[in-house]
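Peer 1: What shape does this take:
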Amino acid sequence: MNQDFLPELQHLGFTARIKRLNEKIVSSTIDHYSSLNLKIEPNWHVIFLLLKQRGKLTVTEIANALGFSHPAMIKITRKMKDQGYLDTFKDDTDGRKTLIQLSKNGQKALPVFEAEWNRIQKVLQEVVNDDFLEKLTQLEQELQKQSFKERYNARFSPKNSHEAFTIRNAKLSEFKEIGKLMVNVYSDLEGFPKANEQPQYYNTLANIGDFTKKPDSELLIAISSSGEILGAVLYFSDMHYYGSGGTATLEKNASGFRLLAVSNSARGLGVGKALSMTCIENAKKKGHKQVIIHTTEFMKVAWGMYEKLGFKKSEDLDFKQGNLQVYGFRLNLK
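Peer 2: Coordinates of the predicted model:
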């Protein structure tokens, strides 16, 4: 019998063991639901039970309550709606919000599902004791306080990661290189439309320097001590020139930034955060009350960073770019 290698790796084998365990449980759960002819997928139960308790919530509220990413919740709730378990509707008191609740079919199916989940819980209690759950809670809390990347950088990166690069306005001679960086970064995003699907968008990326011809528009870059361009972003101190779809260009007393890109070689250095913070500081210097941005569910790393910086999803700023759903965010400045 082959000896399991992962335990030999101790802490280096930890994430692989968690992934392996998750895959086994998910696979077994899918087979189990299928054998009972229950039209449900793993982890849908947490949304069923959350909505049973709280009635109606936005996707953001569901994501916050469960600690899952907003893009992940969009995908799951979309599948559940397609299955007929959820209804969505506009909030009567705030038309910008889309609320989610259990549909009549969802409510009808819930007692059957709950009876099965109770049986599943009894089986899991045989192998997962309370002490393990407590340790799992402690692990989650520790990583919430300080992520792996933050812990790694605290130990092995320069005390001030900004020492690795500086932020400044791009020069005309750098526009072409920045355009290539933009195209490479966005075309590499998993699930994001490619150049053949949205040629006009990628032409905009390739010629990103053209935005600087507009008033109150700046192309900012992060550049290493050796002269390598690590990342870039467009900053607008007048939303009239922001150039996106939707209603963002009508916003007053606001700055915005968009088309943030960080090269693969610079990941983990804090380039994206530094570029974002520079835009935020510029907005404060202008005396603006808010900063406007947009992102998509395919930009998971950037989405999480924006939320950590304090940006809140604003559905009135959402729009569609072809078939691509684009989500608007606001940061209120004090």
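Peer 1: how close does Tyr242 get to Leu317?
Peer 2: 10 Å (Cβ to Cβ, to the nearest Å). (C-beta placed from N, C-alpha, C; glycine too.)
Peer 1: who's more crowded, those two?
Peer 2: Relative neighbour count places Tyr242 above the other of Tyr242 and Leu317, with 25 against 22, counting by other Cβ atoms under 10 Å.
Peer 1: Could you double-check that that one lies in contact with Arg258?
Peer 2: Yes: when contacts are counted by Cβ atoms under 8 Å, Tyr242 is listed as touching Arg258 (6.9 Å).
Peer 1: where do the contact lists of the two overlap?
Peer 2: Phe236 (Cβ atoms under 8 Å, 6 or more residues apart in numbering).
Peer 1: Now the lowest-mean-pLDDT helix or strand in the chain: buried residues?
Peer 2: Here the helix or strand of the chain ranked lowest by mean pLDDT, DSSP states H and E is helix 148-156, holding a mean of 75. Buried residues in helix 148-156, counted by 16 or more other Cβ atoms under 10 Å: Asn153.
Peer 1: Kindly report the same for stretch 227-234.
Peer 2: Across stretch 227-234, burial judged by 16+ other Cβ under 10 Å covers 229-234.
Peer 1: of all those, which two lie farthest apart?
Peer 2: By the measure Cβ to Cβ, Leu230 and Leu234 form the most distant pair in these, at 16.0 Å.
Peer 1: picking up where we left off before, which member of the buried residues of stretch 227-234 is positioned nearest Ser265?
Peer 2: Leu230 (7.3 Å).
Peer 1: Can you report how many residues neighbour Gly304?
Peer 2: 14.
Peer 1: show me the contacts for it.
Peer 2: Ser69.
Peer 1: Distance of it relative to Glu297?
Peer 2: Gly304 sits 12 Å away from Glu297, going by Cβ to Cβ.
Peer 1: cool, Leu133 as well?
Peer 2: 30 Å.
Peer 1: Compare those two and say which is more crowded by neighbours.
Peer 2: Glu297 (19 against 10).
Peer 1: Where do the helices of this structure begin and end?
Peer 2: For the chain, helices defined by DSSP state H occupy the ranges 14-35, 44-54, 59-66, 70-82, 104-124, 130-145, 148-156, 175-187, 199-206, 271-285, 300-308.
Peer 1: Nearest to Ser225, out of the ones you listed?
Peer 2: Closest among the helices of the chain, once you apply Cβ to Cβ, is helix 271-285, at 13.6 Å.
Peer 1: For the buried residues of stretch 227-234, give me a markdown table that also has pLDDT and distance to Glu8.
Peer 2: As requested, the buried residues of stretch 227-234 are exported to a markdown table (pLDDT from 0 to 100; distance: Cβ to Cβ, whole Å):
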| residue | pLDDT | distance to Glu8 |
| --- | --- | --- |
| Ile229 | 95 | 42 |
| Leu230 | 94 | 38 |
| Gly231 | 95 | 39 |
| Ala232 | 97 | 44 |
| Val233 | 97 | 44 |
| Leu234 | 97 | 49 |
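Peer 1: out of these, who's nearest Lys145?
Peer 2: Gly231 (26.9 Å).
Peer 1: For Glu116, give me its contacts.
Peer 2: Listed by Cβ under 8 Å, 6+ apart, the contact set of Glu116 reads 36, 38.
Peer 1: hmm, I was thinking of Tyr241
Peer 2: Tyr241 sits in contact with 211, 214-217, 249, where contact means Cβ under 8 Å, 6+ apart.
Peer 1: Can you tell me which of those residues has the most neighbours?
Peer 2: Ranked by neighbour count (other Cβ under 10 Å), the contacts of Tyr241 have Phe211 at the top, with 20 neighbours.
Peer 1: low-scoring stretches of the stretch 51-200 of the chain, by residue?
Peer 2: Applying pLDDT under 70 to the stretch 51-200 of the chain flags residues 95-96, 157-163.
Peer 1: mind running it again at 80?
Peer 2: Along the stretch 51-200 of the chain, segments meeting pLDDT under 80 span 93-97, 144-147, 149-150, 152-164, 190-191.
Peer 1: hang on, the earlier thing: can you list the helices of the chain in TSV and add distance to Thr98?
Peer 2: Output for these, formatted as TSV (distance: least, Cβ to Cβ, whole Å):
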stretch	distance to Thr98
helix 14-35	28
helix 44-54	14
helix 59-66	7
helix 70-82	10
helix 104-124	17
helix 130-145	27
helix 148-156	32
helix 175-187	27
helix 199-206	25
helix 271-285	26
helix 300-308	17
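Peer 1: among those helices, which is nearest Gln325?
Peer 2: helix 70-82 (8.3 Å).
Peer 1: That closest one - contacts with which helices or strands?
Peer 2: Judged by 3 or more Cβ pairs under 8 Å, 6 or more residues apart in numbering; DSSP states H and E, helix 70-82 is in contact with helix 44-54, helix 59-66, strand 86-90, helix 300-308.
Peer 1: again, 10 Å this time
Peer 2: helix 44-54, helix 59-66, strand 86-90, strand 98-102, helix 300-308, strand 324-332 (3 or more Cβ pairs under 10 Å, 6 or more residues apart in numbering; DSSP states H and E).
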